[in-house]
Every structure is written in C-alpha cells, then in structure tokens.
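Peer 1: Quick one, fold the following:
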Amino acid sequence: MSPNTLPLDKMIPNWTRNQTQALYLSIEYFSLLIDKKQKMADLKLEEEVTSEISTQILEETEKNLGFIPNMYLKMAQNDSLLDAYTYSYDSFRKHSGFSPVEQEVILLSIAYVNGCEYCVSAHSFVADMMSKVPTEVTDAIRNGAPIPDEKLSVLSKTTKALTENRGHLSDTELAAFLGVGYTESHVLGIITGIAAKTMSNYSNHNTHPEVDEAFRGRLWTKNG
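Peer 2: Next up is the predicted model:
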C-alpha cells in the first residue's frame, strides 16, 4: 500500500472489519491472476552432475528404471532437493499404508492440482504400466472428471482438498474420507505424498524438464 493511500476502513468508515478484509483478499486474488500471466521463470542450470550424492542417486535410478528421468537431472543440480525428494518418495511408496493403485491416485491428484505437466504425464505412464490403475480412473483424474470408483474418488477429493488448502481439511471432508474405510493415519500418509510431489512439481515449474520419451504416450497439458 502506498504511504499516501488511506486504509480502506478509513476511506469507508461504515465498513466492518470483515468487509474490509474480504475486499483486501479479493484484490490480492486478482493480483495473483495478473501475476500468473507474466512469463514464468526458467532456471538455466548446468547439465553436468558432479556431486557424489546426486551421482549415486542417478546411478541407482538408472539401474532400477533403465534410464534417468529428465526431472531427476534437473533436481540433481541441488543435492538437498534430489536427496530429499527420492527419500520421501520412496518412504511414501513403502510406508504410507496405501496400495499401489491408491498411491498413484494420490500422486496424480496432487500433480493435477499443481498443474505439473511433467508429473501428470509420468504418473499416468506409471499408473498404466506399473501400478495397474484402471485407465478410466487415470483418465478421470487427468480430465478433472468424476472418478468411477467411490473409494478412489473420495481419496482423490481428499488429496486435492489438502493440496489446495495448504494442509487444511474440514470436518465434513474428513468424515467422508473415514466413511469409505480410510483411517486418520491415512491422512498423514497423503501429507507425505504431498510433501514429495510439492518438491518435484515446484522444481518442474522452474526448470521445465522435457517429458521423457517413455512418458510421451501419456502426455498431458494443463490446457487440454
């Protein structure tokens, strides 16, 4: 606010504090919309990875997958990012308490909310080829359409709510989640997935890795 500009509640003295706060939030929201139209950052990083930590992770990844995803090469430019991501991702896969199908629904839902084209494409491939998610479920998440499975639909909605609301979940949303057979512990498992995917989604937003050839059959873009 300019030093020469009076606060809105002083300019319009009959307004309540809640009305003033609501207007401030509206102004902030539209400012964000304008900011999003600006050209996004594109980090120009060195392609060569020389650190021992990242090199070891990349070598292990290539051994397990048969190739090194472009996303990993970008993340490897900072050891803490690649190390934290791969550790938390692996822990989510092993210890979150969800089946492979449920894990993929969670990861796809997070990437969809965050608008990460690389991760939606990659996890669509993993869903098809590894986790064996029904195609109609994967396609529904990709298209923002209703999921034709009640339990997976609630799982996706809960994941999206936690992602969109920065970890906050309403009593109604929690009741719906528990009502289809999940437990309160599963909420924490979703948070682990959000933590891992936030690292990869945000990294991709700033480094723009090319979608790997392996994932291009399931290429996804935010604008359809």
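Peer 1: C-alpha from now on. contacts and neighbour counts both.
Peer 2: Noted.
Peer 1: So for the lengthiest helix in the chain, what gets flagged as buried?
Peer 2: Using DSSP state H, we find that the single longest helix of the chain is helix 184-207. Under the neighbour-count criterion of 16 or more other Cα atoms under 10 Å, helix 184-207 has 186-187, 189-201, 203-205, 207 buried.
Peer 1: go on, stretch 206-219?
Peer 2: For stretch 206-219, by 16+ other Cα under 10 Å, it's Thr207, His208, Pro209, Val211, Asp212, Phe215, Arg218, Leu219.
Peer 1: Mind listing residues that contact it?
Peer 2: Applying Cα atoms under 8 Å, 6 or more residues apart in numbering, the external contacts of stretch 206-219 come out as 40-45, 69-71, 74, 117-118, 120-122, 124-125.
Peer 1: same deal with stretch 129-142?
Peer 2: Contacts of stretch 129-142 (Cα under 8 Å, 6+ apart): 100-101, 104-105, 108-109, 112, 120, 124, 126-128, 146-149, 220.
Peer 1: can we see that at 7 Å?
Peer 2: Applying Cα atoms under 7 Å, 6 or more residues apart in numbering, the contact partners of stretch 129-142 are Pro100, Val101, Glu104, Leu108, Ser109, Tyr112, Ser124, Ala127, Asp128, Pro146, Ile147, Pro148.
Peer 1: Out of those residues, flag the one nearest to His168.
Peer 2: Among these, Ser109 lies closest to His168 (Cα to Cα), at 16.1 Å.
Peer 1: who touches that closest one in this structure?
Peer 2: Ile141, Ser156, Thr159, Lys160.
Peer 1: how far is the helix or strand harbouring the last one from where the chain is centred?
Peer 2: With secondary structure defined by DSSP states H and E, Lys160 is part of helix 150-164. For helix 150-164, the separation from the chain centroid amounts to 13 Å (computed by Cα atoms, centre = their mean, to the nearest Å).
Peer 1: Check stretch 192-209 too.
Peer 2: 6 Å.
Peer 1: and what of stretch 39-52?
Peer 2: Its chain's average C-alpha position is 21 Å from that of stretch 39-52, according to Cα atoms, centre = their mean.
Peer 1: same question for it, mean pLDDT?
Peer 2: Confidence over stretch 39-52 (mean pLDDT, whole number) is 80.
Peer 1: just to revisit the earlier point, tell me what the helix holding Lys160 is packed against?
Peer 2: Counting contacts by 3 or more Cα pairs under 7 Å, 6 or more residues apart in numbering; DSSP states H and E, helix 150-164 packs against helix 100-114, helix 171-179.
Peer 1: quick one: it to helix 100-114, angle?
Peer 2: With axes from the mean of the first three to the mean of the last three Cα atoms, to 10 degrees applied, the angle from helix 150-164 to helix 100-114 works out at 40 degrees.
Peer 1: buried residues in helix 150-164?
Peer 2: 151-163.
Peer 1: What's the mean pLDDT across that helix?
Peer 2: Across helix 150-164, the average pLDDT comes to 98.
Peer 1: just stretch 127-143 next, same as before
Peer 2: 98.
Peer 1: thinking again about what came up before, can you list contacts of the helix holding Lys160?
Peer 2: Contacts of helix 150-164 (Cα under 7 Å, 6+ apart): 102, 105-106, 109-110, 113, 147, 168-169, 173, 177, 180, 190, 194.
Peer 1: Using CSV, lay out these together with distance to Gln56 and pLDDT.
Peer 2: Formatted as CSV, these follow (distance: Cα to Cα, whole Å; pLDDT from 0 to 100):
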residue, distance to Gln56, pLDDT
Glu102, 29, 98
Val105, 29, 98
Ile106, 28, 98
Ser109, 30, 98
Ile110, 28, 98
Val113, 32, 98
Ile147, 39, 98
His168, 37, 97
Leu169, 38, 97
Glu173, 41, 98
Phe177, 39, 98
Val180, 41, 98
Ile190, 28, 98
Ile194, 25, 98
